[in-house]
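1. Fold the following.
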Amino acid sequence: MSAITQAASVLLTRGSNLPELLVVRRAESLRFFGGYHAFPGGKVVAEDEDVPVWSGPTPGRDARIACAARELFEETGVLLARRLDGSFPLDTNPWKERPRLLDDTLRFDDFLSTHRLRLHAADFLLAGSLITPEFSAVRFDTAFYVATLPPGQQADIWPGELDAGFWTTPDALLARWTRGECLVSPPTVSLLELLRGRPATDLPSLLAPVIRALAADAIPPIYFAPAVQMIPLKTIGLPQSTYTNAYLVGSEKLYLLDPGAHEEREQGRLFDLLDARLREAPAFEAVVLTHHHPDHIGAAAAVASRYRVPVFAHRRTVELLKGRVQVDRTLDAGDRLELGTAPDGSGPWHLEAAWTPGHAGGHLVFYEAHYRLLFAGDMVSMLSSVVIVPPDGDLTLYLESLRRLRGFDCRMLLPGHGAPTVRPKQVIDDALAHRAKREEQLLAALREGGPHTIADLASRLYRDLPAGLMPLAALQVWAGLEKLLREGKAARVGTVDPDTTDRHLWVAVACGERPA
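-> Residues are numbered from 1 along each chain as shown. Predicted structure coming up:
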């Protein structure tokens, strides 16, 4: 389980009645939600523990309030600290210490002390805390505070971790997001939805039911794109892939992609989510499978039976699932799944299937052209390399399919494992480069004496891999050898044990040579 880091974020408001909120755009280079719009904030650091926070005649300590105040000042220049007479500074621009806070050469408590300023807990209305779900490789326990822009102060966003900032209303930003004009982080989407037509000071009461539901193990509302809910489910998967992302896609017509949960309890969590969505009256059209592997099909039959919907998959997947999951309709390249009217009302939208064999013979991906989304299944994993298991898995076909994915006009790639990425071409290129490097290493190992068994080659290429993962490494070596055999760069030259996968001896084949 990933470690959880304490963090804080500020919903800074200005104006009366239904005030505007300050939203910032995170730099694309950031690992966590790079390129997304969110509220100012960041993680708690050790020095935040030492900052006095006043809530009465004597100061106490509240590291997350200190973090909220520090991050807000560093990122926007807005300082929620009061003078000894209780007033706020009217203009922080003349102060030159902000760069020193940003580069960690000045402590925030020393800065406050120098200017005789105090943090007051009453200036930070705690709306609640949200914890990044367990599936995520990076997890935060973030306290969200509501605060008001002090009189006379102005927000000033400096390039760095942020590259823009502006005042907006929840309705206005959600409208931009729905039109596909910007990216908004899923927690921010959830908070904005709660605040539609409501003052920000209502957020604690609005957020409380959500927090209670999450504490009771409800699946969190995760929307990276409009009408596309990511549903991470515990599954039977390979190491580092204990969760598989299902996706519930559509506005008027719903399709559920890859419900992989096999345990009854996890299926119950999925049913609770689906029941709530279907109470809103959209039509549940079908369960759709990208391929046949257990971590993608675990709940397919249960969902189909409970909601009386068909299952769609490629014809090769139908063959491989015979006797386990009944598939009611086959899909092939170019087939469309109609989703109804697009969330922004611009017209009809749909998913289009593309056949991408390699990881599995019947593997499909689905492209959505309106928001330029690519539902990639197991063509790409954001957690590790994709495992290729012969004979159904074919490394040559996988690489060909991966290269074809580069041709999609894709803004966001939504994988089966790990978080969606807004750098699809870079991720695909990195995967191709990794495979090319592994092939070079495999050829080099084959040329070192020999002949070799798969186990011998795996131990050479994956020296630092834990023993429990060596069987997976051997499968990758096997897939690589089959590719080299097809290309005339390797050959089988003998038999070790006819009853095992590692039954052959392998050698490299020099250009123009034939093995003895």
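2. what's the burial count for the closest residue to A81 other than its chain neighbours?
-> For A81, the nearest residue in space outside its immediate sequence neighbours is L117; the separation is 4.0 Å by C-beta to C-beta, 6 or more residues apart in numbering. Placement of C-beta: from N, CA and C, glycine included. Using other C-beta atoms under 10 Å, L117 has 17 neighbouring residues.
3. ok, L117 touching R82?
-> Yes: with contact defined as C-beta atoms under 8 Å, L117 and R82 form a contacting pair (6.6 Å).
4. Mind jotting down where the helices sit in the stretch 351-500 of the chain?
-> Listed in chain order, the helices of the stretch 351-500 of the chain (DSSP state H, counting those that start in this stretch) span 395-405, 424-446, 454-461, 470-486.
5. An error on my part: the question was meant for the stretch 101-250 of the chain.
-> Remark: helices assigned in the stretch 101-250 of the chain by DSSP H, counting those that start in this stretch are 108-114, 170-178, 186-195, 203-215.
6. What residues of the third one count as buried?
-> Burial within helix 186-195, assessed by neighbour count using 16 or more other C-beta atoms under 10 Å, is assigned to 186-192, 194-195.
7. Then the longest one?
-> By 16+ other C-beta under 10 Å, the buried positions in helix 203-215 come out as 203, 206-207, 210, 214.
8. measure the closest residue to H363 other than its chain neighbours to D378 for me?
-> Leaving out its chain neighbours, the residue that sits closest to H363 by C-beta to C-beta, 6+ apart is H291, at 4.4 Å. The span separating H291 from D378 equals 7 Å under the rule C-beta to C-beta, to the nearest Å.
9. Which neighbours do those two have in common?
-> Taking C-beta atoms under 8 Å, 6 or more residues apart in numbering as the contact rule, the neighbours common to H291 and D378 are 359-360, 363.
10. Under the pLDDT cut-off, which ranges of the stretch 101-250 of the chain? List them.
-> Scanning the stretch 101-250 of the chain for pLDDT under 70 picks out 237-241.
11. Could you do the chain as well?
-> The chain contains residues with pLDDT under 70 at 1-2, 237-241, 496-503, 511-516.
12. Domain boundaries for it, per the record?
-> Taking automatic domain parsing as the domain assignment, the ranges for the chain are 4-198, 222-422, 436-508.
13. D429 is nearest to which of those?
-> Ranking those by their distance to D429 (criterion: C-beta to C-beta) puts domain 222-422 first, at 7.6 Å.
14. The closest one: end-to-end distance?
-> The straight-line separation of the ends of domain 222-422 (C-alpha to C-alpha, to the nearest Å) is 16 Å.
15. How about stretch 462-480?
-> With C-alpha to C-alpha as the measure, the ends of stretch 462-480 fall 14 Å from one another.
16. Distance from the chain centre to it, please.
-> Counting by C-alpha atoms, centre = their mean, to the nearest Å, stretch 462-480 is centred 26 Å from the centre of its parent chain.
17. residues making contact with that stretch?
-> Under the criterion C-beta under 8 Å, 6+ apart, residues 238-239, 385, 387-390, 393-395, 438-439, 442, 454-455, 457-459, 461, 501-502 lie in contact with stretch 462-480.
18. repeat that with 10 Å
-> Contact with stretch 462-480 is made by 238-240, 358, 384-391, 393-396, 398, 435, 438-439, 441-443, 445-446, 452-461, 490, 501-502, 504, 506, as judged by C-beta atoms under 10 Å, 6 or more residues apart in numbering.
19. again, but for stretch 303-311
-> Applying C-beta under 10 Å, 6+ apart, the set of residues contacting stretch 303-311 is 246, 254-256, 259, 261, 267, 270-271, 274-275, 278, 283-289, 297, 299-301, 317-318, 321, 325-329.
20. same thing but 7 Å
-> Applying C-beta atoms under 7 Å, 6 or more residues apart in numbering, the external contacts of stretch 303-311 come out as 256, 259, 271, 274, 284-287, 289, 300, 325-329.
21. buried set for that stretch?
-> Of the residues in stretch 303-311, those buried by neighbour count under the rule 16+ other C-beta under 10 Å are 303-304, 307, 309, 311.
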